[in-house]
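1. Show me the folded form of this:
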Amino acid sequence: MPLVPTSEIVRAADEARVGAMSFNVIHLETAEALVAAAERTGIPLILQISENCIRYHGSLLPITRASLALAEASSARVAVHLDHITQHQLVYEGIEAGVSSVMVDASALPYEENVATTAELTAWCHERGVYVEAELGEVGGKDGVHAPGVRTDPDEALAYVTATEVDALAVAVGSSHAMRERTAVLDKELIGALHEKLPVPLVLHGSSGVPDDELRRAIAAGMTKINISTHLVSVFTRSVRETLATEPDLVDSRKYLKPAREAVTEEAARLLSALSAKTALPGQYAPRPRPAAEPVRRPRR
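-> Numbers count the residues shown, from 1 in each chain. Okay, the predicted model is just below:
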């Protein structure tokens, strides 16, 4: 199937009031596992490649081209997205390689610098038909805007979206990056207020620490794009440990990577089915407000 643009998956999920699922690629095994999950369920999926992943592989092209090739060869609807990109050069390289969207992460900068940087890169991406996600930031702290206790202000978020013209906004509503336990409780009232205020889809980072029911309630309240990484990485690692504990003399890495890949496929398929189905919480999700005359933009890839 031809590559599917991220914008198409997010827009369809937003209109259907379901989650647009976005799972992080760590290496080829996880990319293969995630695409297999999309094929198994028939549910669209966004593959995310972070700057950390690029750094691990030494450069952007090998893992990005591999992910794009898997997406293009798949019978499922799969898009490829760059996640948490701080270096301008990686934005340029990723778009040249063929990704259809990028998260411009200037969140560590003071607000005005964040706006200026994000607006500049967004304009450049829009000229090339590329969808842009971004986030407001807070200087300091490992997790920045996604540190526990940080919350996005709806009025500031609207000003940010208006100034930068981004297509989607990552918001802080109670999740945090790299959580290993799924215990986070989200601020559904704030999600609803942000959804009502903003003309763009909302993105939840740090979803690994949020249980299924809470994610479903967040989607019902107005959240659209759901990013998950640590939870699936933990599934992979746990499987490797279990296999090697059972067969400590294994030498061929394929013998323990294959069951780990299948374990990720199973869990990713479960998450896709659980969070991209119609929520059982009707009445909380209102139609997205639209301005009287939306600005004309080039089509997103």
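2. For the chain, list the residue farthest from the centre, please.
-> Relative to the centre of the chain, and counting by C-alpha atoms, centre = their mean, the farthest-placed residue is residue 249 at 37.7 Å.
3. quick one: that residue is in a helix?
-> No. Read with DSSP: H, G, I helix; E, B strand; the rest coil, residue 249 is coil and lies in no helix.
4. what's the lengthiest strand in the chain in contact with?
-> Among the segments of the chain that qualify as a strand by DSSP state E, the longest is strand 78-85. Strand 78-85 is touched from outside by 1, 3-6, 8-9, 22, 24, 35, 38, 44-52, 64, 67-68, 70-71, 90-91, 94, 98-105, 133, 227, with contacts defined as C-beta atoms under 8 Å, 6 or more residues apart in numbering. Quick note: C-beta positions are derived from backbone N, CA and C, even for glycine.
5. change it to 7 Å
-> Under the criterion C-beta atoms under 7 Å, 6 or more residues apart in numbering, residues 3-6, 9, 22, 24, 35, 38, 45-51, 67-68, 71, 90-91, 94, 99-105 lie in contact with strand 78-85.
6. Return the list of strands paired to that strand, each annotated with direction.
-> Strand pairing for strand 78-85, determined by DSSP bridges: strand 45-50 (parallel), strand 101-104 (parallel).
7. So which elements touch the helix or strand following that strand?
-> In the C-terminal direction, the helix or strand that comes right after strand 78-85 (DSSP states H and E) is helix 88-97. When contacts are defined as 3 or more C-beta pairs under 7 Å, 6 or more residues apart in numbering; DSSP states H and E, helix 88-97 packs onto helix 61-73, strand 78-85, strand 101-104, helix 111-127.
8. What are the buried residues along helix 88-97?
-> If you call a residue buried by 16 or more other C-beta atoms under 10 Å, then helix 88-97 has these buried ones: 90, 91, 92, 93, 94, 95, 97.
9. Just the pLDDT for the third one.
-> At residue 92 the predicted local confidence, pLDDT, stands at 98.
10. before we move on, what about residue 197?
-> 94.
11. and it, how many neighbours does it have?
-> Residue 197 has 15 neighbours, counted by other C-beta atoms under 10 Å.
12. List the residues that contact it.
-> Per C-beta under 7 Å, 6+ apart, neighbours of residue 197: 154, 157, 158.
13. Low-confidence ranges, the stretch 201-301 of the chain, go.
-> 277-301 (pLDDT under 70).
14. which residue ranges form the strands in it?
-> With strands called from DSSP state E, counting those that start in this stretch, the stretch 201-301 of the chain shows them at 202-204, 223-228.
15. Tell me the strands beside the last one, with direction?
-> It stands for strand 223-228. According to DSSP bridges, strand 223-228 forms sheet pairs with strand 20-24 (parallel), strand 202-204 (parallel).
16. Many thanks, have a good one.
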